[in-house]
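Peer 1: With the sequence up front, the predicted model follows.
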Protein chains: 2
Amino acid sequence: MQKQKGVSLWRQISDRIRANIAAGLYDASGMLPAETMLAQEFGVNRHTVRAALAALAQEGIVRASQGRGTMIERRDKFDFPIGKRTRFTEGIGDQARDLKGVLLSAQLEPGSSEVRHRLGLEPGDIVVKLDGMRLADGRAVSRSTMWFPCDRFTGIDVAFSETGSITKALARFGIDDYLREYTEISAVHAEPEDVASLELTPGAIVLVTHALNTDTAGRPIQYAITRFPADRVQFTIRS
Amino acid sequence: MQKQKGVSLWRQISDRIRANIAAGLYDASGMLPAETMLAQEFGVNRHTVRAALAALAQEGIVRASQGRGTMIERRDKFDFPIGKRTRFTEGIGDQARDLKGVLLSAQLEPGSSEVRHRLGLEPGDIVVKLDGMRLADGRAVSRSTMWFPCDRFTGIDVAFSETGSITKALARFGIDDYLREYTEISAVHAEPEDVASLELTPGAIVLVTHALNTDTAGRPIQYAITRFPADRVQFTIRS
DNA sequence: TGTAATTTGTTCGTATGTATT
DNA sequence: CAATACATACGAACAAATTAC
């Protein structure tokens, strides 16, 4: 059963269980299957499963109770839903106790051709650029750079800073509803800036999204590049 | 403008242009903006842009012609669209000349609890497991493990092997249409198996998707775990 | 309330692989 | 190369806590 060389069995199994928890596989009951069941399913001895669960318990991900079973204590990964009506805060609201958006910097600038193209602007148009990050339970889960057309959203930096939410900030500008036009997802190695801002180690993986939001009329209102620590985040696209 | 340490300016710009090409930013014309325009937009000297373009030309991604401009020769990354009607082959059909699906192995097995749960099966039910990979222009772009309920899809291994397409294989079992229920996306470091099968280097990044397809009645027909080389692949979710 | 079934916790033993000395 | 120590993995049995009927 030793698929990987140099990686102990219990480690492989704890990784798979951790991934299953992150994927919401045991959400219905909030409990893991019994050790004997897991052992049978992974095709290993119960002791090996116990070693895997002990490691997860050490991480604080699960908690075992004699006679009762093994409960899920917390998710290791945050699951970001992506869809037409993706809302950052709502999406992971039930996965963290403390969720917080922070504005790092704001400035007006002439958009690059990339940003202008995405927002459907003409050369010479000005955009508002915001830098922000999100913290869930005190840990950084994303770092975003966002651009808004300046003509419609002057002052959105203040609104975002005060509310800590893009949705609420947009509401102040009369945007009750907005749609996610597209989301591109790629993955790269962490850059020095990521290591600093997302509290990563060199060599870590960063998930990068490029996303465009439009109003209900289809006019672009926000283009954002967001960087997520891959070891703490995954995405789910539901149809 | 030197934002990052240790990465030359021309390198940063060539990376951004490569990413823009992958994102389809210049698809309308198939050409890059003039060097002077690019220099202005990135805020650097034209010589720096020329160094960046020379590097991309060396990679075979762009080709410059005197007096004409710089044309896009090929995409560096394949863009996999993800949506309700995601079709592997159709999605990237226009991005590669030669697209090929290969069946590596097939077997019947009692599904693990994870697979059974996803496919909505009972303990003891049997599933068909297929291992396959996709090649685009001779390069590996994905490696999949797929599971089908055995009762409905016995023999799908032969159908997939003969057609090289899941869509066509399913058609032989009376499935004219199917829907992508959800897609989970995460990223991990390449395992030894990835290094071998996807022709990667150790330390490279692998994008991992867990996806479920259902028939039009909503019954699960296929659960798949697919691994993509992150340096050659990105995803786009359109609403 | 009592009893059986379930589930984690613990302790033996045996064998194998890995790293160090 | 050999000896040693340590981690890993499997098997069997039993104890202790909890749940279900």
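Peer 2: Thanks, I have it. In this text, all values refer to a predicted model and were calculated from it rather than measured experimentally.
Peer 1: which element follows the host helix or strand of A:Thr145 toward the C-terminus?
Peer 2: Using DSSP states H and E, A:Thr145 maps to strand A:139-149. Next helix or strand after strand A:139-149 toward the C-terminus (DSSP H and E): helix A:150-153.
Peer 1: picking up where we left off before, and the strand holding A:Thr145, which strands flank it?
Peer 2: Taking DSSP bridges as the criterion, strand A:139-149 forms sheet pairs with strand A:126-136 (antiparallel), strand A:220-229 (antiparallel).
Peer 1: and after the last one, which helix or strand comes next?
Peer 2: Right, strand A:220-229. strand A:233-238.
Peer 1: which residues sit against that following strand?
Peer 2: With CB atoms under 8 Å, 6 or more residues apart in numbering or on different chains as the test, strand A:233-238 has contacts from A:22-23, A:77-83, A:141-142, A:185, A:207, A:209, B:82-83, B:180-186, B:237. Heads up, the C-betas are built off the backbone N, CA and C, glycines and all.
Peer 1: Domains of chain A: list them as residue ranges, please.
Peer 2: A:9-72, A:78-237 (automatic domain parsing).
Peer 1: Show me the one of those that comes nearest DNA strand C.
Peer 2: domain A:9-72 (3.5 Å; CB to the nearest atom of the strand).
Peer 1: can you tell me the average pLDDT over that closest one?
Peer 2: Mean per-residue pLDDT for domain A:9-72: 90.
Peer 1: which bits of chain A sit near DNA strand D?
Peer 2: Proximity of chain A to DNA strand D (CB under 7 Å from any atom of the strand) is limited to residues A:1-2, A:8-11, A:44-45, A:47-48, A:51, A:65-68.
Peer 1: Among these, which one has the most neighbours?
Peer 2: Most neighbours among those, by other CB atoms under 10 Å in any protein chain shown: A:Thr48, with 22 neighbours.
Peer 1: in which helix or strand would I find it?
Peer 2: Using DSSP H and E, A:Thr48 sits in helix A:46-59.
Peer 1: Give me the contacts around that helix.
Peer 2: Residues contacting helix A:46-59 (CB under 8 Å, 6+ apart): A:9-11, A:13-14, A:17-18, A:32, A:35-36, A:38-39, A:42, A:62-64, A:70, A:76.
Peer 1: ok, now with 7 Å
Peer 2: A:9-10, A:13-14, A:17-18, A:35-36, A:38-39, A:42, A:62-64, A:70 (CB atoms under 7 Å, 6 or more residues apart in numbering or on different chains).
Peer 1: Could you identify the helix or strand that succeeds it?
Peer 2: Following helix A:46-59 in sequence, per DSSP H and E, is strand A:62-65.
Peer 1: Which neighbouring elements make contact with that next one?
Peer 2: When contacts are defined as 3 or more CB pairs under 7 Å, 6 or more residues apart in numbering or on different chains; DSSP states H and E, strand A:62-65 sits against helix A:46-59, strand A:69-72.
Peer 1: Out of the ones you listed, which gets nearest to A:Leu104?
Peer 2: helix A:46-59 (29.9 Å; CB to CB).
Peer 1: Return the distance of stretch A:43-60 from the chain's centre.
Peer 2: When C-alpha coordinates are averaged (CA atoms, centre = their mean, to the nearest Å), stretch A:43-60 and its chain have centres 27 Å apart.
Peer 1: quick one: that stretch near DNA strand C?
Peer 2: Yes: contact between stretch A:43-60 and DNA strand C, assessed by CB under 7 Å from any atom of the strand, occurs at A:His47, A:Arg50, A:Leu53.
Peer 1: Spell out which parts of chain A neighbour chain B.
Peer 2: For chain A, the residues in contact with chain B (CB under 7 Å from any CB of the partner chain) are A:4-5, A:20, A:23, A:25, A:33, A:41, A:82-84, A:112-114, A:117, A:179-187, A:189, A:191-193, A:203, A:205, A:207, A:210, A:230, A:234-239.
Peer 1: one step back: and the strands paired with strand A:139-149, which is most packed in?
Peer 2: Of the strands paired with strand A:139-149, the one with the most neighbours on average (mean count of other CB atoms under 10 Å in any protein chain shown) is strand A:220-229, at a mean of 23.
Peer 1: what about that strand, average pLDDT?
Peer 2: Here the average pLDDT along strand A:220-229 is 95.
Peer 1: cool, and stretch A:115-122?
Peer 2: pLDDT averaged over stretch A:115-122 gives 89.
Peer 1: Can you mark which positions in that stretch are buried?
Peer 2: For stretch A:115-122, the neighbour count (16 or more other CB atoms under 10 Å in any protein chain shown) marks A:Val115, A:Arg116, A:His117, A:Arg118, A:Leu119, A:Leu121 as buried.
Peer 1: Am I right that A:Ala28 is in a helix?
Peer 2: No: counting by DSSP: H, G, I helix; E, B strand; the rest coil, A:Ala28 is located in no helix; its state is coil.
Peer 1: so how many other residues sit close to it?
Peer 2: Other residues close to A:Ala28 by other CB under 10 Å number 8.
Peer 1: Tell me how far it lies from A:Arg74.
Peer 2: Per CB to CB, to the nearest Å, A:Ala28 is found 17 Å from A:Arg74.
Peer 1: Quick one: residues contacting A:Trp10.
Peer 2: Counting by CB under 7 Å, 6+ apart, A:Trp10 touches A:Thr48, A:Ala51, A:Ala52, A:Ala55.
Peer 1: Would you mind putting the CA coordinates of stretch A:199-207 into PDB?
Peer 2: This file holds the C-alpha atoms of stretch A:199-207, laid out as PDB (Å, rounded to 0.1, in the frame of the first residue of the first chain):
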ATOM      1  CA  GLU A 199       3.100  34.400   6.800                       C
ATOM      2  CA  LEU A 200       4.400  31.700   4.600                       C
ATOM      3  CA  THR A 201       7.700  29.800   4.300                       C
ATOM      4  CA  PRO A 202       9.900  30.100   1.100                       C
ATOM      5  CA  GLY A 203       8.900  27.400  -1.300                       C
ATOM      6  CA  ALA A 204       5.300  27.500  -0.200                       C
ATOM      7  CA  ILE A 205       2.500  27.600  -2.700                       C
ATOM      8  CA  VAL A 206       0.200  30.500  -3.500                       C
ATOM      9  CA  LEU A 207      -3.100  30.200  -5.300                       C
END
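Peer 1: Now it: buried residues?
Peer 2: Of all the residues in stretch A:199-207, those buried under the rule 16+ other CB under 10 Å are A:Leu200, A:Ala204, A:Ile205, A:Val206, A:Leu207.
Peer 1: Reformat the residues you listed into a markdown table and put pLDDT and distance to B:Val102 next to each item.
Peer 2: Listed next are the buried residues of stretch A:199-207 as a markdown table, based on pLDDT from 0 to 100; distance: CB to CB, whole Å:
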| residue | pLDDT | distance to B:Val102 |
| --- | --- | --- |
| A:Leu200 | 88 | 36 |
| A:Ala204 | 87 | 33 |
| A:Ile205 | 92 | 28 |
| A:Val206 | 95 | 31 |
| A:Leu207 | 96 | 28 |
